[in-house]
Structure formats: C-alpha cells, structure tokens
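Colleague: after the sequence you'll find the predicted model.
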Amino acid sequence: MFITFEGIDGSGKTTQSELLANRLKQIRGENYVILTREPGGSSFAEKIRGIPLRDNIDPISELLLFVSMRYEHMKKLILPALGEGKIVICDRFIDSTIAYQGYGLGVDLKLIEDLHELLRIRCPDITFILDIDVQVGLNRVNYKNKYEEMDICFYDKVRRGFQEIALKKTNRCHIVTQIEVKDNNQVYSEIYDKVIIPRISFFKVES
Ligand code: TYD
C-alpha cells in the first residue's frame, strides 16, 4: 500500500504523515511501515535535493531533476518495500510536481504526465491533499527554499492545482479542507476515521 501526503508549504502534511506512520506501525509492526519524503528519499536524491530548491533554473530542467530524484527513490526504496508487503508513506510525490512545476511554473501538464507514464512511476494508492488558505500556510513556514519566497499569486496557482488534482483523481485523492484552522487532531481524525479505518482489515492482513 502506497500512501502519499500533498499540499502547499505549511499545510501540515509532514505532521500528518508522521502521525499516520506511527499509528500504522502500532497496527502492522515497526518494520512494516516506511516513512519517506520528496524531494529526497534515496541517497542520490538527498544529495541533489538542494539544487532545485535553491538555484534559479529553467522550469523544465527543474522538472527533470525532480523526476530523476523520484525515479531513483522509486527504484531504490519504494518498489522494493512495496514488494515486501510494506506500507510506504511518502511526504510529497507526483502531485507536487503537477502542482508546483505544472500549475505554479506553467510547465505543460501533459509533458509532466507523459514523462511519469513513460517511466512507469508508481502511482500512489491513496493520496491525502491537505488544503489550506495560502496565507495561513505561509505564516507557518520559516522560509527555507525558493518557493516559500515566491508571491501569493504563485501559491494560489499551486493550491488550485492541488484542488483540481483532487477533483480529477477522485478514486485516489482525499482532500482535507481546512476552512478555518483545524488542529492536528481534527485533521488526523478526518484522515484516519474516514479513510484508513474502513480499510483497516486490509492493513492488518496484507502481506
Ligand atoms: P517540503 O516538503 O516543503 O520540504 P521541507 O519541509 O523540508 O521544506 O518540500 C520542499 C519544496 O519542494 C516545496 O516547497 C515544494 C517543492 N517541490 C516541488 O516544487 N516539486 C516537487 O516535485 C516536489 C517533490 C517538491
């Protein structure tokens, strides 16, 4: 089972992916749940992660960097773990590229989708999209990368991208809308009670 968390910076996905990983470890056992992240997740990707996050490069070059990091991450960590029957939880994946490079920077969405399809990048089974007001999200981050320094207009496009992905991919994506600021437990209960609990027997018996 491959689960991803997506959303704009400051949406709380890192906290939620950790909460879910800890809960599923209690159910399935410590060694059966892998928590990973993008950009990163493999030693190659962790080494070059800083380049697209810092350098001003052409959006297509940036796309190719994210995709090469993802390919390596998928080959070295995600596919082997899934092959051993583990649950993999990833903080950001394909949808971040569609939202940031596609909707945000204007890279052709079809190019992004075709590239992932051609490379047979593994599609997540469940994706949680944490939707939050852009200003509320940005108030929570402490400006570590170039995106977080971009204007509200960029983030409005990225947020709309995530919302459109959720509307298009209804089988896979569950959007958790934080109209007013919800505390971590409220968000977690929407994720756990509504989506994970109905599948709990699957998480227990899958091998
Ligand atoms: P983030 O998860 O925010 O890392 P951290 O919590 O350590 O700051 O990811 C860093 C940034 O990378 C984030 O602003 C979104 C961006 N990003 C893309 O633009 N495209 C992608 O495909 C991915 C995976 C991330």
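Modeller: Looks like it came in fine.

Colleague: for the protein, what lies in contact range of the ligand?
Modeller: 9, 14, 38-39, 53, 66, 91-92, 96-97, 100-101, 144-145, 147 (Cβ under 6 Å from any ligand atom). Every C-beta, even on glycine, is put in place using the N, C-alpha and C of the backbone.

Colleague: from those, which is closest to Leu24?
Modeller: Nearest to Leu24 among the residues of the chain next to the ligand is Asp91, at 14.4 Å by Cβ to Cβ.

Colleague: show me what that closest one is bridged to.
Modeller: Judged by DSSP bridges, the bridge partners of Asp91 are Phe5, Arg37.

Colleague: thought it was touching Phe5?
Modeller: Yes: with contact defined as Cβ atoms under 8 Å, Asp91 counts as touching Phe5 (5.3 Å).

Colleague: please name the residues that touch the most centrally placed residue in the chain.
Modeller: Nearest to the mean C-alpha position of the chain, counting by Cα atoms, centre = their mean, stands Arg92 at 2.0 Å. Listed by Cβ atoms under 8 Å, 6 or more residues apart in numbering, the contact set of Arg92 reads Thr4, Phe5, Glu6, Lys13, Arg37, Glu38, Pro39.

Colleague: for the first one, grab the count of nearby residues.
Modeller: Around Thr4 there are 26 other residues, counting by other Cβ atoms under 10 Å.

Colleague: check the last one too.
Modeller: For Pro39, the tally of surrounding residues (other Cβ under 10 Å) stands at 21.

Colleague: double-check it against Ile51; I have them as touching.
Modeller: No: taking contacts as Cβ under 8 Å, Pro39 lies outside contact range of Ile51: 9.2 Å.

Colleague: look up phi and psi at Asn145.
Modeller: With angles defined as degrees, to the nearest 10, Asn145 sits at phi -140, psi 170.
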